[in-house]
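Chemist: what follows is a protein structure lacking sequence information:
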């Protein structure tokens, strides 16, 4: 399992527009990324409904994860790690939404 710690910078958390931006970025990676609070269950980060329902608030620490068996043909562990770092940057870069 590949993992990247991050936090939610959006003022209103991962709701509405901020969640849509994040989910779109996840979908573009082509990876089965999950997101969870450190003490919570993972949810599919490609699902806007699941992400919004989980209530990831402003400043919330999250873990982004990809199972190694979820890598597609032609995707390497390095590619997946880079994608997770990029998704973390998206979460940490959404401030004023």
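Modeler: Good, I have the coordinates. All figures in this text were calculated on a predicted structure; none of them were measured in a lab. Numbers count the residues shown, from 1 in each chain.

Chemist: strands of this protein, start to end?
Modeler: For the chain, the strands defined by DSSP state E occupy 2-7, 34-36, 43-44, 61-66.

Chemist: out of those, deepest packed?
Modeler: Greatest average neighbour count among the strands of the chain goes to strand 34-36 (a mean of 22), per mean count of other Cβ atoms under 10 Å. No exception for glycine: its C-beta is placed from N, CA and C like everyone else's.

Chemist: and that strand, how far out from the chain middle?
Modeler: 6 Å (Cα atoms, centre = their mean, to the nearest Å).

Chemist: give me the helices and strands touching that strand, please.
Modeler: Taking 3 or more Cβ pairs under 8 Å, 6 or more residues apart in numbering; DSSP states H and E as contact, the helices and strands that strand 34-36 lies on are strand 43-44, strand 61-66.

Chemist: let me see the mean pLDDT of that strand.
Modeler: The average of the pLDDT scores along strand 34-36 is 98.

Chemist: can you list the neighbours in contact with that strand?
Modeler: With contact meaning Cβ atoms under 8 Å, 6 or more residues apart in numbering, strand 34-36 is reached by 42-45, 51, 54, 56, 62-66.
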